[in-house]
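Engineer: sequence isn't available, so here's the structure alone:
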């Protein structure tokens with residue numbers, strides 16, 4: 001069975017004037033349109049996350065030159081700016097929603113910028129965008145105790161199911177952080193696959209709950225974007241990110257150990 005690498009693009013906001021907190025991980029609408037044009041010009045075939053996972057699971061062959069277009073969190077610009085471009089090209093995509101950040105009845109007020117509302121999320125779903133889970137309030141899941149972790153997953157899943165009329169199949173870890181315990185909880189919550197970050201190409205051997213993606217930022221130019229799609233120089237492009245990720249992983253593990261050490265016994 002083939003384990004050919006697949007580029008999975010991770011977007012956040014698509015915005016003309018993002019706030020300072022979201023600017024670095026946003027892309028301008030013009031840049032997004034140019035990037036989708038590159039995807040088309042290169043003859044890539046976009047899939048949803050569930051579509052890719054189903055092919056890997058069944059052993060069915062992938063289409064020629066597959067790619068995934070994914071968005072995290074639920075920014076309003078995904079509807080305003082990205083959806084018309086996706087529709088123009090006929091590209092499917094996946095949006096991972098933090099349900100407590102979506103404007104409406106479940107809004108916790110924690111959204112970092114202008115977020116989608118539920119009618120917009122439903123319109124995206126109706127236009128061929130897979131809607132996946134991304135927790136309820138977007139915490140670092142690996143830092144939660146078991147009860148809080150289960151609550152974040154169940155609350156987000158229940159809201160998505162109620163608002164969209166279908167249970168979400170795919171999940172993305174907030175901040176990309178997970179652990180063996182978190183991955184097990186996501187599987188037990190009923191998700192068939194989950195995306196991390198990793199800034200590497202996705203491969204079947206990574207397993208269904210640790211699939212890697214590459215980050216698209218405001219500073220990602222056309223040439224670098226094409227290199228990401230071709231799988232070239234990815235390690236060099238994200239060398240600093242990987243060093244920071246490894247360092248912060250050690251800090252987070254130390255925090256977990258310390259919390260377990262001071263947890264009262266009952």
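Structural biologist: Yes, it's here. Predicted model, so just to flag it, every value in this text is computed and none were measured. Numbering: from 1, shown residues only.
Engineer: show the contacting residues for residue 172.
Structural biologist: Taking C-beta atoms under 8 Å, 6 or more residues apart in numbering as the criterion, residue 172 is in contact with 70, 72, 96, 132, 133, 134, 194, 195, 196. Heads up, the C-betas are built off the backbone N, CA and C, glycines and all.
Engineer: highest neighbour count among these?
Structural biologist: residue 195 (30 neighbours; other C-beta atoms under 10 Å).
Engineer: identify the residues contacting that residue.
Structural biologist: So residue 195 contacts 8, 10, 49, 70, 96, 170, 171, 172, 173, 211, 212, 213 (C-beta under 8 Å, 6+ apart).
Engineer: want to try JSON lines for these, with distance to residue 79 and secondary structure as columns?
Structural biologist: Converted to JSON lines, the contacts of residue 195 look like this (distance: C-beta to C-beta, whole Å; DSSP: H, G, I helix; E, B strand; the rest coil):
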{"residue": "8", "distance to residue 79": "21", "secondary structure": "strand"}
{"residue": "10", "distance to residue 79": "18", "secondary structure": "strand"}
{"residue": "49", "distance to residue 79": "19", "secondary structure": "helix"}
{"residue": "70", "distance to residue 79": "15", "secondary structure": "strand"}
{"residue": "96", "distance to residue 79": "15", "secondary structure": "strand"}
{"residue": "170", "distance to residue 79": "19", "secondary structure": "strand"}
{"residue": "171", "distance to residue 79": "21", "secondary structure": "strand"}
{"residue": "172", "distance to residue 79": "18", "secondary structure": "strand"}
{"residue": "173", "distance to residue 79": "23", "secondary structure": "coil"}
{"residue": "211", "distance to residue 79": "25", "secondary structure": "strand"}
{"residue": "212", "distance to residue 79": "27", "secondary structure": "strand"}
{"residue": "213", "distance to residue 79": "21", "secondary structure": "strand"}
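Engineer: roughly how far does the nearest residue to residue 12 once chain neighbours are set aside sit from residue 191?
Structural biologist: Leaving aside its sequence neighbours, residue 12 sits nearest to residue 25 (C-beta to C-beta, 6 or more residues apart in numbering; 4.2 Å). Counting by C-beta to C-beta, to the nearest Å, the gap from residue 25 to residue 191 is 23 Å.
Engineer: and the residue nearest to residue 189 when sequence neighbours are not counted, helix, strand or coil?
Structural biologist: Of all residues not flanking residue 189 in the chain, residue 153 sits nearest, at 4.2 Å (C-beta to C-beta, 6+ apart). Assigned state for residue 153: helix (three-state reduction, DSSP: H, G, I helix; E, B strand; the rest coil).
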